[in-house]
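Engineer: here you go, sequence then predicted model.
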Amino acid sequence: MSDASTATAVSAQQPVRAASARSRFWMRLFRNPLTVTAAVWVTLLVLAWLWPGLLAPHDPYAGDVTLTRTFEGPSWDHWLGTDGQGRDLYSRVVFGARFAVNSILIATVVAVGLGVPVGLFSGWRGGRADRIVMWINDVLFSLPIVLLAMAVIIVLEPSLPSAMLGVGIAMATRFARLTRALTLSEKEELYVDAARITGLSPSTILRRYIAPNLLPSLIVQIAIISGAVILIGATLSFLGIGAKLDDPDWGVMLARARSDFRFEGIWQIVPAGGALVLTVLAFNLLGDGIRDSLGRDAANSSLTVPRKVALPPVVQLHASSAVLSIRDLAVGFPAAGGMVNRVLSDVSLEVFPGETLGVVGESGSGKSMTMLAALGLTPAPGYLSQGSVSFDGREVTFLPEQEWQEIRGRDIGVIFQEPVAALNPALRVGRQMVQSLLVHTDTSRSQARVRAAELLAEVQVPDPERRLDQYPHELSGGMAQRVGIAMALACEPKLLIADEPTTALDVTVQGQILDLLAEVQRRHEMAVILITHDLGVIADAADRVLVMYAGQVVETAPVSTLFSQPRHPYTRALLDTMPQSHRGHGDLPVIAGVVPSAAAWPDGCRFAPRCEFATDRCRTSVPLLEAIGTDRVRCVRHAEFEFGPPVETTA
Amino acid sequence: MARYIGVRLLAMVPLLFAIAVISFAIAVAMEARGSIAGSVCGEGATIECIAQVERQLGLDDPMPIRFLRWIAGAATGDLGTSLTNESVSVASLIADRIGPTLSIVTYSLVIGVAAGMAMGIVSGVRPGGAADRVLSVVSAALIAAPGFVLAMLLSWWLAVQWGWLSPAGYTRPSESITGWIRSITLPAIGLALPTVALVQRQLRSSMTNALQSRYVLAARARGIRRTSLIAEHALPNAMIPTVTAIGFRAAAALGLTFTVEVVFNINGMGTLLITAIQTRNVTVLQGSMLVVGIVVLVVNLLVDISYGLLNPKVRLES
Amino acid sequence: MTRSRWTRAIALLFAFGMAATACGGDETGFAPAIVEDPSADAPDASGDDAPAGAGADLPAVETDDDEADDLGQMVVAEAANCAEEMAAPERGTFAPSGDFSFAISLGVNSLNPHDDQTPATFTYYSWIYEGLVRQEADGSVVPWLAQCWETSGDGSEVTFYLHEGITFHDGAPFNADAVVANVEFVKTAGPPQVIPPVAGQLGIVDTVEAIDEHTVKFNLTGPGEILLLSGLIRNSGLMVSPASLGNAAAAPVGTGPYEWARSNPDFTQNDLVANAGYWQPGLVGLETVRLEVAIDQVARLDSFNAGQYDAAVVLLNDLDRMLTGDITTNFTVRIGFVVADWTGEQIPQLANREVRCAMAQALNRQGIQAQLNDPDSVNNQFATGPSDYAYIDDLDVPEFDIEAAKARFAATGEEGFTFTNGHLPSGFWPVLSSAWGTALAELGITMQNEALDPPNGGEMFGRLARGAHPVQIIPFNEPNALMSLVARTGEAGFNPSKVSPDGVVDLVTAARGKNFDAGEADVAAAWKIMLEECIFIINNTLTTVVAYQDGVEGVHHTQGIPIHFWPHGVTKS
């Protein structure tokens, strides 16, 4: 690919990205009524700034010459009443917008004008220049804004513009940080890299590629600081070092109202105080709204609240000797436009004492979600929309959290994937283990600690006493996994759910761990659900296998049957990916494509788009889970297939 | 940990220097704007008077020498004497004024962090719930409402109308402990309200994140009780970013004390700074800027230390 | 002697506090007793043989005959008997008891009275220090640390005879040398402790010399006893122990009823204790005194309301609201204030056109008018725009003829009085005061300066004008208020074209309280007359008001002005 074509590709790619993002942005922005209200208020503020005379019926400076209409409440003549000189408070509030918006303009222009170039320079140059600039920036950043504003007031003169200059300088440090961070990340983007290779000058790149991507973040930041700027300006004016004594500035008006309201009623505070609070609130909400609409950090928003979805009551009793029995389980997640994404549907499984059920499938096929749902741990805002779960013969689908707490950890042990992430980084290993033991057993703290050390020794953790005093980040992945296993086995549970228990470990350790699990299982007649995408592990350890794809069970069979005679094309494709099946020859076969996300599942067979055997029938009819003896398969064409065991392929 | 603190302390040295330079530069800039000597001698000052004052204050020396002399003095606790009364040392002025300011700021942080944490936990445990929605509206209002307005309303009801607290003035703890608490409660509340809101927002967000984390899920899967999940698992982790936010707020509160000090007639660092600006009292100004800067640095250090205490990675790796 | 001459003689007497003639048995005539002092009527140790003697002997008749009409000469003729010794006055029977706290609105740089000359800060110093003379509540000047004084024939030498046996708090004797040291300090002490204008209060003093241990003579630069006395009743006239003079690090040491105990480094909180060895023991009514600076007016008022202070300086408009509004007060306000209003109602003297125009002329002479009109001037703290002082811009009275004015002034039948001027921005007022003082002195008028907390503009005027308060106030920087008054005048039938300038005052007075919308032409015409009549210059005033909690007794300064503030006899039950 030539340099020129790269450059073309770069410039072509970007506007497309921006355009679709833009329309989505506006849609999101105007969906939130609070943001719209805030935007309307800010628009009014700007109008009042541009043409205050249009909005205000009276001269904000001229009072009642006869001084008879002072300290009035709202009336037809004076919508917000009058002050001590008979001046119309509504008009003064409207004209006050001038001071507010001017403050924002000065502070923003200074902050952006200073901060953005510094941040761009620092982020672009990197290295020592970056360190020095950012160090100075951080020094200024650590000083209180108001102090910097006062410093500028000292150097210049006490007035609102000079105070705002100081606020702008203080705020510039924020913009410098933000710009630098964004520049650093944008710099690594492919299109910027490509542009750099084509020999565009840094200033051109900054202007053409980086600056447009900075803009949304800058707008959010400006909206957020605007509120703070107005507050600081009003505070300084209130103290007499901002706007002049007679100006219709909100801070000045509040300073007057401070003594007036004691005698003339609380109303004196309302117009200026209300305007100030509402304006700051409007800018904050607008900032939040824009940020949320840009799709960043929505959880942080103060007033946007996810819709709550009620659980449909679906209860079904079933009796069986299974330790865990799941019937027709479905889990939904609320999605845009009041829709629901069902990330799991019609999932059924059973696992019996002493048995190991292997659950396989690619990432995103719903294996972990099934287990969480079974444990009553469906992550919010997801919810059980259908089905039932029974544990040890007991209906637990809608078990209260308190009763669940009794079962989890005692009767059911769980080993999580990513073992380090499953341990609390702020707590010592020992404390986490002791805590679990104390919850479920009647022991003292010191006994629990002794037991914890024993448990660690059982999973072959060397020097267990020392490990108890370590923090999770001090452990290797293998160590952390052993700790996780030790905790899961602590109360000798009836059921162990092991989610990728061996991925973090090397092969020899894997074997040891699996042996260990098998040993425990034998001793306690423990049922094990082994979730993995490593079919080798399944082959070694599982009795029965359940294959999942896109939130559905696609096949279940005893392990031997499954490996020798897979019925579903997906199972077959999975088996083909097994390293053993093509030892040392050519590329590792992978299933083309990825598991689609829940919102994009096709109507017919969910595997159809990736299935090499798919026909039109697969794309239109929904396959059901058909029983073949005790086995199950979900494929409309399964009868047509006769897959053998995975073949040794040669390149 | 000791090494961690040591590293932080060392990092403070250049910061300290930078703050000294800034304080000095501001004073020099103020001097450039209007002659200090002129302000001492008054209007219609004679040339002799100005020359004498400049000699006395050493204003005729080159700038680096003046800076070094000042910083050398500052290192030994000598910040010079007030321009308006040369028998009063700047250090003694600051020593007299810093007590009220630190009392108010500390007290306000205690109130603000306690209330903000309570609100943040309630919000963060069930984001989107009724309590969260109410608290989020409250904290949005608290962020939007200027502290001085809240302070003046509080003082009207709590002090003037109901007489629960003292409406203004500062009582030293050495004179009366209850009087001291009564006198700093209102200003501290005025200063604390935005802190409450900021802590609430930060903690709500980091609490929500922590509760969604894998280790909390894992703990739930072990049957750990809800209260323990919140207090022992989520909170310590959620506090890490919150402590940083509290640190910023502490620095901001130091900068904002002058509003409550003026409104509540408390002679603290803030009013000292304002008076120094108004009377162009350069020695007092640069001295108090330096001290406020140092306090901010110490606050940052404390934040770093508590960050380390909360975050074992930081504590053990340094 | 006609009745009118008597009247004039008494007026003179009060106006100038001409106690110079009052040594010997005449003291009570010239030094009215402390108004609320229970023992005020107790006879002096020296007897009370001729209480009215001085008045009777006043050479008003002679003065009247003397066409030169020099006040200094007038005084000298009666000052000859001063040398007769008197015992110290014994007044008051209080024993020190109770802790008193006082919230003040202004800060000070030190407790050295020679450091500044702001009248409002006299409140601090008068607890610790005293002067040779002091001003009584009615405005008269009476001897205090001096027993009496006499003035030379040409009015350029004034000799004070001091009380014996008075000591400073540090034990040093108060004597002629101490007086000399103080006056010379004020005259000569350089920066940075003392700013030059301070010397202005004693600017009339050329040299000062100790004649003997208890006699001190002031040689003036010209006839100027009045100016000397008006300086001596202020900060510059307070006597500081020579050991403390110029030694800023030393404790503040005076002769007053209370001794300094401790202060904050910046004197925002000052603790005093009763001076056990005070030369007039019965006047020390408190055990401890705390003077606290509480600058913010709302907070100060709140604290006072909450009982945090026994006394507090309050603003007129707040006071007005406390008295008329719904707010419940748990204290007594004992106030009074001197207000100069150009209607002549409160300060009759200001109804005199010559007085007003002399002051206006002084403004022009000093170029002050131009400064006031310049919104960028450092002296113009209140300027909110160039239009504010438009009315001053229009003023043109350069042709004011002082000789003619003197003649006209004499023809009005008034020969002198004390005039209290109002507030101007603090960096500015010494210049203005001296300009006005000079101008008025030429007419034979003593001026005393008064400070005002930041004026609150038209609203204060408005509520007062509505009858909420019996005083008229026109803040200096509120042209609207002035216009409003003119407008009211119009409704009452004011037709400027038909009214002689002299009638303005009467019309305005008559029209007070009525509202109407005056036509622009009427307003313009009214303005013209006001300018011609120099009405605009009178920035009247008030002033500081002190409110006291119930149970605080004996504060004698019914005028409520800091410069009158004497802590003698303050008690707290």
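Structural biologist: Now that the structure is in, tell me what you want to look at.
Engineer: can you pull out the helices in chain B?
Structural biologist: B:2-33, B:36-41, B:47-57, B:63-75, B:90-125, B:130-144, B:147-154, B:177-211, B:214-221, B:226-228, B:235-263, B:269-278, B:282-310, B:312-317 (DSSP state H).
Engineer: again, but for the stretch 401-550 of chain A
Structural biologist: Counting by DSSP state H, counting those that start in this stretch, the stretch 401-550 of chain A has these helices, from start to end: A:401-407, A:429-440, A:445-458, A:464-468, A:477-489, A:507-524, A:535-541.
Engineer: ok, which of these comes nearest B:V134?
Structural biologist: Taking CB to CB, helix A:401-407 is the member of the helices of the stretch 401-550 of chain A nearest to B:V134, at 23.3 Å. Heads up, the C-betas are built off the backbone N, CA and C, glycines and all.
Engineer: one step back: reformat the helices of chain B as a markdown table; add distance to A:Q268.
Structural biologist: Formatted as a markdown table, the helices of chain B follow (distance: least, CB to CB, whole Å):
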| stretch | distance to A:Q268 |
| --- | --- |
| helix B:2-33 | 36 |
| helix B:36-41 | 37 |
| helix B:47-57 | 46 |
| helix B:63-75 | 46 |
| helix B:90-125 | 27 |
| helix B:130-144 | 20 |
| helix B:147-154 | 11 |
| helix B:177-211 | 19 |
| helix B:214-221 | 50 |
| helix B:226-228 | 47 |
| helix B:235-263 | 16 |
| helix B:269-278 | 25 |
| helix B:282-310 | 34 |
| helix B:312-317 | 51 |
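Engineer: give me the pLDDT for the residue nearest to B:P236 when sequence neighbours are not counted.
Structural biologist: Spatial nearest neighbour of B:P236, chain neighbours left out: A:A426 (4.1 Å); criterion: CB to CB, 6 or more residues apart in numbering or on different chains. The model reports A:A426 with a pLDDT of 84.
Engineer: please apply the same query to A:M171.
Structural biologist: 88.
Engineer: just say which of the helices of the stretch 401-550 of chain A is most tucked in.
Structural biologist: Among the helices of the stretch 401-550 of chain A, ranked by average contacts under mean count of other CB atoms under 10 Å in any protein chain shown, first place goes to helix A:477-489 (a mean of 25).
Engineer: give me the helices and strands touching that helix, please.
Structural biologist: strand A:412-415, helix A:429-440, helix A:445-458, strand A:495-499, helix A:507-524 (3 or more CB pairs under 8 Å, 6 or more residues apart in numbering or on different chains; DSSP states H and E).
Engineer: out of these, the one nearest chain C is which?
Structural biologist: Among the helices and strands packed on helix A:477-489, helix A:429-440 comes nearest to chain C, with 51.0 Å by CB to the nearest CB.
Engineer: so what touches the closest one?
Structural biologist: Residues external to helix A:429-440 that are found in contact with it (CB atoms under 8 Å, 6 or more residues apart in numbering or on different chains): A:405-406, A:409-410, A:423-424, A:443, A:445, A:448-449, A:451-452, A:455-456, A:467-472, A:475, A:483, A:486-487, A:490-491, B:219, B:222-225, B:228, B:232.
Engineer: that older thread, surely the residue nearest to B:P236 meets B:L310?
Structural biologist: Yes: using CB atoms under 8 Å, A:A426 makes contact with B:L310 at a distance of 6.7 Å.
Engineer: re earlier: of the helices of chain B, which shows the lowest average pLDDT?
Structural biologist: Of all these, helix B:36-41 carries the lowest average pLDDT, namely a mean of 55.
Engineer: the helices in the stretch 51-200 of chain C, which residues?
Structural biologist: Along the stretch 51-200 of chain C, the stretches classed as helices by DSSP H, counting those that start in this stretch are C:53-57, C:60-65, C:71-78, C:122-128, C:176-188, C:197-201.
Engineer: can I get the helices of chain B in TSV including mean neighbour count and distance to A:H568?
Structural biologist: Shown next, in TSV, are the helices of chain B (neighbours: other CB atoms under 10 Å in any protein chain shown; distance: least, CB to CB, whole Å):
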stretch	mean neighbour count	distance to A:H568
helix B:2-33	16	56
helix B:36-41	22	89
helix B:47-57	16	92
helix B:63-75	14	79
helix B:90-125	22	43
helix B:130-144	18	45
helix B:147-154	22	66
helix B:177-211	24	38
helix B:214-221	23	30
helix B:226-228	12	41
helix B:235-263	23	42
helix B:269-278	23	74
helix B:282-310	21	50
helix B:312-317	15	45
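Engineer: tell me how far the residue nearest to B:P236 lies from B:L309.
Structural biologist: 10 Å (CB to CB, to the nearest Å).
Engineer: again with C:D310
Structural biologist: For C:D310, the distance to B:L309 - CB to CB - is 50 Å.
Engineer: got it, and A:V434?
Structural biologist: Taking CB to CB, one finds A:V434 at 21 Å from B:L309.
Engineer: do A:S388 as well
Structural biologist: For A:S388, the distance to B:L309 - CB to CB - is 47 Å.
Engineer: if we can go back for a sec, can I get the helices and strands packed on helix A:477-489 in TSV including mean pLDDT?
Structural biologist: Formatted as TSV, the helices and strands packed on helix A:477-489 follow (pLDDT from 0 to 100):
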stretch	mean pLDDT
strand A:412-415	90
helix A:429-440	88
helix A:445-458	89
strand A:495-499	90
helix A:507-524	82
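Engineer: touching, B:M30 and A:I153? I think so.
Structural biologist: No: shown here, B:M30 and A:I153 do not form a contact pair, counting by CB under 8 Å, at 9.9 Å.
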